[in-house]
Structures are given as C-alpha cells and as structure tokens.
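**Q** sequence and predicted structure, then a few things I'm wondering about:
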Protein chains: 2
Amino acid sequence: MKVIIIGGVAGGASCAARLRRLDENAEIIMVERGPYVSYANCGLPYHVGGVIPEESELLVATAATFQALFKVDARTRCEAIAISPKQKTVDLKDLATGKVTTESYDKLVLSPGAPSIRPPLPGIDLPGIFSVRTVPDAREIRQWLEKGTPFLAGMNRYSGIQAVRPKIRAVVVGGGFIGLEMTENLVHRGFDVTLLEMGDQILGPLDREMARVVEGYLERYGVNVVLKDGATDFRQSSTGALEVHTQSGAMYPADIVVLGIGVHPDTALAKQAGLEIGELGGIRTDEQMRTSEPDIFAAGDAVEVRDFVTGRWSLVALAGPANRQGRIAADVIAGRNSRFRGTQGTAIIGLFEGTAAWTGASEKTLKRIGDEDYEKIYLYPNSHAGYYPGAKPIAMKVLFRKSDGRLLGAQALGEEGVDKRISALASLIQMAATVYDLEESELCYAPQYGSAKDPVNFSGMIAADVLKGDMPLSHWNEIGEGVILDVREPFELAVENVEGAVNIPLAQLRDRLDELPRNQTIYVFCRSGQRSYYATRVLLQNGFEVKNISGGMLSRTYASFFLQEGPIE
Amino acid sequence: MKVIIIGGVAGGASCAARLRRLDENAEIIMVERGPYVSYANCGLPYHVGGVIPEESELLVATAATFQALFKVDARTRCEAIAISPKQKTVDLKDLATGKVTTESYDKLVLSPGAPSIRPPLPGIDLPGIFSVRTVPDAREIRQWLEKGTPFLAGMNRYSGIQAVRPKIRAVVVGGGFIGLEMTENLVHRGFDVTLLEMGDQILGPLDREMARVVEGYLERYGVNVVLKDGATDFRQSSTGALEVHTQSGAMYPADIVVLGIGVHPDTALAKQAGLEIGELGGIRTDEQMRTSEPDIFAAGDAVEVRDFVTGRWSLVALAGPANRQGRIAADVIAGRNSRFRGTQGTAIIGLFEGTAAWTGASEKTLKRIGDEDYEKIYLYPNSHAGYYPGAKPIAMKVLFRKSDGRLLGAQALGEEGVDKRISALASLIQMAATVYDLEESELCYAPQYGSAKDPVNFSGMIAADVLKGDMPLSHWNEIGEGVILDVREPFELAVENVEGAVNIPLAQLRDRLDELPRNQTIYVFCRSGQRSYYATRVLLQNGFEVKNISGGMLSRTYASFFLQEGPIE
C-alpha cells in the first residue's frame, strides 16, 4: 500500500507516525511545502517573546527523524500542486528545483492546515507587518525586533531589565489566540501594544461579558484594547514608523504590526480535486475522516468537524483535534474502525498571570442556533480554600440544559486553577454529565488545591438549585418590575452601591420581612450570590416572590473583577 | 420538626446549613463537644507550620454565625452522652457547667467524626507528644514550639532565615496525610524530621511502588524515612529531650513527637444507641445516610461508605464526602430523595514542591478483593509541552479493566499538573469512562498547560494499545525467559544500564532484526516506554514475540525519578 500525506505538521505528522505503527510495510510519503515538519506552531508567539529562546526547540521532529524512526519518506519544501482522484495520482513540486513529479497513491491524506488571513489592504506588505504561523514567520519577526529595535536584542521577560528607554509601539490586529499571545509577548519585550479588534469583543468563542473580564485584565497590563474598529490601511511615515489607519478614522503609530486576524482552511487542492467543501468552507469528511472521494482522507485545521455539543458543523484550528484526526485517518487506512467523535471546542489561553479557558457551547452559540433550552449561572469561587494563602478568585459561567440538566458549556477566567476546572468540566461534558453529576464529583481536595466543595461541585449545586426551583434566578440585564434587595453589610455598600436597592443585611432579614412587598418580585443580590441565595431561601419559604441575581455584585462589575485583592468572602 | 445534629464540623455543619435552607421552620440544634464549630481541620498542619499564620483563619464559621445567618442553635462545649431511640431523646452535657439536659428530637444526625488513634504505649502522655486533630491541638503544638525552641518563634517557610542554629529534631509517627503534612511543616520550621512508619510504605492508599517515589522525594528534602518500624515507647532523657524507642531496637531523639497513626470512627454513642456498626467499625447507613434507626442519620468520617469503583465498604476520612453526606442527610430529612453515590477515594497531598494524588481503586485494593480483571500501565509524561520552559515529569499509574476497558483508578506524582490530571480522571471514573474515552478527551491545551496529547489522552492511548493487542505489556518484576532488548542510544546506556540487555538503538532496529531470536520472548524497553513501543510495533509486525516494559527505565529507578532535571525526552 502506498500512502501520500500532504502536510507534515500536526495532523499529517500524527497520521504518518501512527500509520507506520499499524503497517510496517506501507510505503508512506509525507510532503510539506514549508522547510520543517512537525514543528510546534503553538509555541511561535513564545519564541518571538523570548520565552522559548531557541528556534530549534520548536522543531519537535525533523524529516530525518521521520525517515530514521518511522521509515517515512518525509519531503520538505515540496508542494502538492494537483490531485487526480481518477488516476489516483498527485503532482509534487520540489520548491528548491521547481521540478514536478507525479506520484501514484493508494490512499491520500490531506492535512494542508489553515493559513493566516491576510486581507488585501493598502500597505499590508510594508516591511514590519507580520503574520505568525510558521517558523520562518517567527524568525522574521525576531530579526525585525533585533534589527529595528537593537536595544531589545536578547531581552525577554526573564531579563528584568527596566532601564529608561524610548517608547516602542506595536499594533496587533485581531483579538484571537495569536493576537492575544503576541500581545502578551510584545508587552514582555517592552512594547506599548494596541490591540485592534473589529468585533465587539476579543476571544470570539467566549461570551461577551466573559470576554470583558479578559479585556479588563489586558488593560491592567497596559494594553490599549480597541474594539469595534478595524484596520483599513497601513502607511509608512516620514520617520520610517508604520501607521495603522482604522475605520473610525484613528491612526495608531507602530514600530511593528502583527496580524492575527484569523485563519481560513486551505482548500485549494481539495477544490481542484473536486472534493466536497462544507458550508463553513472547510473540507467535508465523514466520521472516519474520509472525504467525498473514498481514497482521500483529510485531517486538521482544513477540515469541518461536528461540534460534539451542538451537533453543528464547526471549524476548529487546534492541535489536539488535528492530531486525533490524523490518527483516526491512519487507523481507517490500516483497516480499523476508528471514528472521530467531534470536537467540543475546549481551549485555553494564558495571558500574563491569568488564564482564560472554555469548553462546550457558549451562550451566543446556543442563541445563534436557536436553542432556548438552556440556563446559565455565574459564580466566583476561590481557586483553593480561602484560609490557605494565595487563593485567587475564578470567574465562571456555566451553561446547562433546562429540561434535563445536561452540562452544555463552561467558561472560566482567573489566575489559578482555571485549567483544572475546565479540564474536569470538559471530561464531564464528554461523558454527557448533568449538573447533578457535577454536584457529586469527587475532585482532589486539600486546602492548597481546592475546597471541600470544589468550584465544579459548587457550580453543580447552584445549577441543581435552579433546576429544582429552589433558587429562581435572574441576571442584572433581566431585572423587571419589582424591588431590588441588597443583603450585604453596610460597610460593603460604602464601597460600591446599587442605586435604588433596599438594604437589609442577611442576618436581619428574618426580623424585617414586613419591610418587603408581597405582590412584587424581589430581586436579591449580595457580593457573589451566596448570601443572596440564603436570603432567597428565607424569602421563598415565607411566601415572597423572589429571584437571586446570579453572581451578585461581581457579575455587575466584571471589568474590575480582577483588580480586587485576595480571596472572595 | 425538631432536628438535633451531633457534631459541628464538616458533616454536621453542612447538614445544619442545608437543612435550614430547605426548611425555614425546623428547630435545629447543633452540638459540638469542642470549642469551635465548622473549623478547617485540613488546615491545622499548615497553621502549625506558620503557612496559615492566624488561628482565626481556621474558623470558617462560628456558633454565632450559625445563629445569625441560619437560625441554628449551635452549642459548643456541649457533648451528647446518651441517645434513647425509643423515646427519641438525647442527653446533652454542658461541658462548662457539667449540667445534663434531655432534648427530644424528631430527627437526629450523628456526625461525631473520627478521633486520632492514640495507642496506650508507655510514655505516650509525656509533654511534647501531640496529635493534630483540633484547633486546640494545633495551638498546643505552636505553644510548645515557641516555648521549647524560642528562636523558632514566628519563623515559617516564608521567612527565608537560614542562620546557623542548633539541630532540632522531630519524630513523626505514621506516614498518612497528617503525618506527611506535619513532616513538611516541621521541616519548614527547621526540624530534622524522622518519619516512622510501621508498614512497608507511606501513604497507604497508593500502591507501594508509587509510594516509593514519594519516599524518595521526602528524602531529597532531608526527611529520614524509616519503614517497617513502629514506636514501642517514649521516654524523657536526662537532658529533657524525648526518646522514641522502636520495635527494631532503634532510638530516635526528639524535641517534639507528632502522632499521625490514623483515625478511628467515633461510634461510642452509636453503639450505646444500638445502631448497626459495619464490618470496618464505622456506622452503617443506607444510601440516604439513614442508620438502622429510621429517625437517626449519620454523616462524615464515622460512617462506612460504599466504594464507588469496587462496590465494597470503605472508611474515608475526607472533608468532601463528609460535606456531601451532611447535605444528603438534610435533603432526606426535608423530604427529598437524595442519595449518596459512594466515594471513589479521590485524594491529594502537597509535599514541598510536589504533589501526590489518586482516585479510584489501587492495584493492591483490586488484589485484596480478588479482582484479576485489570491491567496497569506506567507513564511519565511532561506536565506541559516539553518545548515550553518549566515542564516537569509526572509519574502516573493507571488501572483499567481488561474485559471492557473501564477506567478503575489512577495515581500520579509530580511537581506540576498532578491535581489537574487526577481531577479529570476522577471525573471520568465518576462517569464510568473507558480508556477509549480517555483517548478522546479534549482537555485544555496550550503549551504552558499541557500537550496536544495530554497525559490523560496519552494514558488512554497506551491502555487502548494494550487492550487491542497492539502492545503486549510486561513489567520489570514480571520478566520471564527471553531476551531483554534496550532500544536507547549508546550515550544513554553510559548513564544507567541494565545488565544482560542487548542494545539496538531504535533507528537501527529494522536493519538488525536478524540479531534477534525468533523463538523467545523479547522484552523491550527504552527510557520512558515510547521508543520501545515503536520497537514493539516493528518487531510484532516482523513476526517476533515481544513485550514492551511499561514505563521503561523510569519504572525501574523510581527512587531517583524526581532527582532528574528538566522534561523527559
């Protein structure tokens, strides 16, 4: 059997290595148009920032490794330029010599990836404007930084150099993963960074109010976050600096511009071969990664996948699913019955000392597909027991089905323990858990690591209370006619107050029930939603109509959330 | 309805607060024989060590809080001394005045906990010998440390004081949670600590070879770990120092002795009331936390619970399950149909910079109950992508059912990311996941947090390879007749070698197959088990009989595991 794999990074390289393990005798050719196979593209922003000092560390395996360990004919600087599904041949062009050869195949695997979007704006090709997708991209940026701003050479986050220096400015266009990771790394390299995002929020997979927390967090580190404004053209000023002009008429000067506008599936070859392309513009495959041509498979960022939670098609440019798809294609080619279960969109990003992560469906996705059978809660648990030093708050949003309690999605932000909670919740979503399962989860507890009621348990308890009718819920933007009741202590009101709210501290509530109306909805809140839950129970059982405002004051003041010090009450 | 709750810490306090939320009108009395309710006993060792500086931080809620917020009549220094299930009364003794009153109840909840075992050894009551279970215990130890070794006053792990000082010595008896946490905290306070454990390993829930890693880790921090030796008597020397004499005839001098021998369910009152006691000596309840008397419930460390994985009875002294049981007892008393699903024994302990955690069944538990339908794997993945700085190895053991692949248990040790992986695996065990589910888990990946193939995925892939017959497995202690093949590079052999092993580096294997016998089992290993897996695939497909030694050299040299620097290949 002769198998040709087009693309030698995550999906392609995983497929090649797996296929060799399953079939010692297959002839495997893996072609990659770039100079490297199997490199760590997730590490590129950190190489630019100097966190990963050596380029060689990004090269996970070389073409020579593939030959030596896996007997794979790995060819770099070799581009597949045409496929003939009928003849089962592919034309390969050696980019060094320009020579084209035609290779026959029994099975073909496409893993071409998704190149950066580079809109045809005036001036976009000026020197100093970069994308960040390949090892040579990162090298060019490093060279630019070291040449253009020579005093930065060798500086990185670990250097601790804080000397007085001229102001250096960067503009990052696009608030997705690459844009944000580049923002962090450019700040570490001493730049004043403007982050320009055309949409009304950064990090599109997050719901907007959760993205607000991240935006506030970036601002705390000095990043100038500009929303709802896009670059229109790039110019070079008389001093040689770049100028980024925007839709709103603003102009941002820059010593470097990084484009992180997004990626788009590379389907040129797939289209030429007549393969089916999906509604989102990715290569369409079945669960076994087979395209519309039965002997052609596809894997990685160029492929449309089923969202595991919503059942809809989705484009996900992440290394984990790409690797899995590559393995599954190899399995199926080797005669096994593997299937891709789809993706649930779990993702994570580190930003300075913080972390944002999510899994499953967002509220806006549910709204977009017209799914109204969901409820949401906000909570702000501590990363570990409040009495043990160093606890940090986590801002969490959890979505679940109203009808059966099934966990649909979760988003979390914080400086400790976010990856753990989203990983546990991702595992639970994978297994179709309900919020009742979350109540009963038995995670690791010692005071340095969590709480006897872990944030995962806590979210399950709150959600279960909502579903059982024990805690009717409301949100700040849903408050209707009625009374707003603040059950915090007077000293807390002095710090931040809600206009028009009645204040009865929780401990006095039972004695002051006659101050509250019996024929109106009482919207009750406290700082985080816990004391107001207790108040909700008191009021409900005393015959009042009451709703707890999810997350309390902390849900109202997202932007300042991360500014507070220490653990939450 | 009148409900009396005996015990005001984890299980009792959770029960009281929950019950009030469900029933605004119940009369709730909560009695606690100690001076505090709802205190953080998990924090006591860290208070002794100075990590948690103030005693007040350990007091999560006071009796006054329970009264003010929950309208619970919380009585401290009040002991229940007799129950009459027929009359439905309980005799309560005020420990300050000695006065006994009889209270009637509709429902009674027992949450008496599990006091420290204090064997009647000669000298055990000498000054300077302490248990660590209550706030007053911790206070006494702190006072002893500050009085007996005055130069230590106020010192803690954050002080950084490294002055020359006289040698001060501690003996910790018992290598369980409390013993180990006290060991760490006494080391931080400048003590030379001897840890004396009667069994052949510390941390009983771990399998012995995994406990070995922890023992080696403690030794790296200067702890003198003594196994298979128990204290027989305690004496005071002429200089005033303590002497701990042991079964082996050894004597360890000590300025302080801490007992961490274990705990035993407090069942005195339950027995007096004629309640059924289980085979392990705990109070027996049904899934709804109801004892053999239908109006008496029990929760917390004194209760026997079903192990969720093995289905056997178990005693677990952990705060998470105690809280859950308290809540469930409250639910049932309030007329709800809640059930305790049992415990899966998830636990975690921090030791210096490291973490040990586990969930589900251990191999020794499976052996003890005669369950042979399991397989085990060892792996040593990095905590995050090796190319991103700071990755640390994790030592993992994963147990799964041979017949259907169901995940049974996991144990992990390392300096980063252990809590995350065990929490995810605990969630997966809860949902009855198989190793095939682990292969497909979609956890958070960015290079600072994990790998595109997370350790959880990686363990699933290895286990699936084993179950599908793609990777016949062996272990160092199971090697039989045959050839031992080492596929590492020559420079690695120079560091550590296995006598009698044939060396053929993986890259040369395909060309040197004729050097290997065709009628014997070939046991193949490398450093971590990965290259030997590739070799296993090459050999199997070339008709050899081969087994991969799980975990390779790293499984052979557990004790030195944590001594290595940097990420694993």
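**A** Alright, I've got the coordinates. Note that the coordinates shown come from a computational prediction; the quantities given were computed from them, not determined experimentally.

**Q** run a quick neighbour tally on residue A:456.
**A** 28 (other C-beta atoms under 10 Å in any protein chain shown). Every residue, glycine included, has its C-beta placed from N, CA and C.

**Q** which residues in the stretch 1-150 of chain A form strands?
**A** With strands called from DSSP state E, counting those that start in this stretch, the stretch 1-150 of chain A shows them at A:2-6, A:27-32, A:73-76, A:78-84, A:89-94, A:100-104, A:107-110, A:129-130.

**Q** winner for burial among those strands?
**A** Of all these, strand A:107-110 carries the top mean neighbour count, a mean of 28, counting by mean count of other C-beta atoms under 10 Å in any protein chain shown.

**Q** which neighbours in the sheet does that one have, and how are they oriented?
**A** Strand A:107-110 pairs in its sheet with strand A:2-6 (parallel), strand A:296-298 (parallel), by DSSP bridges.

**Q** dump those to a markdown table, plus mean pLDDT and distance to residue B:189.
**A** Shown next, in a markdown table, are the strands paired with strand A:107-110 (pLDDT from 0 to 100; distance: least, C-beta to C-beta, whole Å):
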| stretch | mean pLDDT | distance to residue B:189 |
| --- | --- | --- |
| strand A:2-6 | 98 | 59 |
| strand A:296-298 | 98 | 61 |
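
**Q** show me the one of the ones you listed that comes nearest residue B:114.
**A** strand A:296-298 (57.9 Å; C-beta to C-beta).

**Q** residues making contact with that closest one?
**A** A:15, A:83, A:85, A:107-111, A:270, A:273, A:275, A:283, A:285, A:288-291, A:325, A:329, A:332-333 (C-beta atoms under 8 Å, 6 or more residues apart in numbering or on different chains).

**Q** got the residues of the stretch 251-400 of chain A near chain B?
**A** Applying C-beta under 8 Å from any C-beta of the partner chain, one finds that the stretch 251-400 of chain A approaches chain B through A:308, A:318-324, A:341, A:343-350, A:355, A:357, A:359, A:385, A:387-389.

**Q** in helices only, show me these.
**A** Those of these mapping onto helices are A:319-324, per DSSP state H.

**Q** phi, psi of residue A:334?
**A** phi -80, psi 10 (degrees, to the nearest 10).

**Q** mind listing what's buried in stretch A:363-377?
**A** A:363, A:365-366, A:374-377 (16 or more other C-beta atoms under 10 Å in any protein chain shown).

**Q** any idea of the mean pLDDT for it?
**A** The pLDDT scores in stretch A:363-377 average 97.

**Q** next: stretch A:223-230.
**A** 97.

**Q** how far out from the middle of the chain is it?
**A** 19 Å (C-alpha atoms, centre = their mean, to the nearest Å).

**Q** what is the end-to-end distance of it?
**A** 17 Å (C-alpha to C-alpha, to the nearest Å).

**Q** contacts for it, please.
**A** Under C-beta under 8 Å, 6+ apart, the answer for stretch A:223-230 is A:173, A:175, A:183, A:187, A:192-202, A:215, A:218-219, A:246-248, A:250, A:252.

**Q** drop anything exposed from the residues you listed.
**A** A:173, A:175, A:183, A:187, A:192-199, A:201-202, A:215, A:218, A:246, A:252.

**Q** strands - which of the residues you listed land there?
**A** A:173, A:192-196, A:246, A:252 (DSSP state E).

**Q** farthest pair within the residues you listed?
**A** A:192 and A:246 (16.8 Å).

**Q** could you flag which of the residues of the stretch 251-400 of chain A next to chain B are buried?
**A** Neighbour counting over these (16+ other C-beta under 10 Å) leaves A:308, A:318-324, A:341, A:343-350, A:355, A:357, A:359, A:385, A:387-389 as the buried ones.

**Q** the one helix or strand residue A:400 maps to - what's its average pLDDT?
**A** Assigned by DSSP states H and E, residue A:400 belongs to strand A:394-401. Per-residue pLDDT over strand A:394-401 has a mean of 97.

**Q** what about the nearest residue to residue A:77 once chain neighbours are set aside? Give its phi and psi, please.
**A** Using C-beta to C-beta, 6 or more residues apart in numbering or on different chains and skipping the chain neighbours, the partner closest in space to residue A:77 is residue A:95 (4.3 Å). Dihedral pair for residue A:95: phi -70, psi -20, per degrees, to the nearest 10.

**Q** one more: residue A:97?
**A** Residue torsions, per degrees, to the nearest 10, at residue A:97 are phi -100, psi -20.

**Q** that one: how many residues sit nearby?
**A** Applying other C-beta under 10 Å, I find that residue A:97 has 8 neighbouring residues.

**Q** pLDDT score for it?
**A** Per-residue pLDDT puts residue A:97 at 97.

**Q** residue A:82 too?
**A** 97.

**Q** that one reaches residue A:270, doesn't it?
**A** No. Between residue A:82 and residue A:270 there is no contact under C-beta atoms under 8 Å: 11.7 Å.

**Q** ok, residue A:101 - contacts?
**A** Counting by C-beta under 8 Å, 6+ apart, residue A:101 touches A:91-92, A:94.

**Q** so which of the residues you listed comes closest to residue B:133?
**A** Here the nearest of these to residue B:133, counting by C-beta to C-beta, is residue A:92; it sits at 72.3 Å.

**Q** for the closest one, what are its contacts?
**A** Going by C-beta under 8 Å, 6+ apart, residue A:92 touches A:31, A:75, A:78-81, A:100-103.

**Q** helix or strand: which one has the nearest residue to residue A:471 once chain neighbours are set aside?
**A** Nearest non-adjacent residue to residue A:471, counting by C-beta to C-beta, 6+ apart: residue A:465, 4.0 Å away. In this assignment (DSSP H and E), residue A:465 forms part of helix A:455-467.
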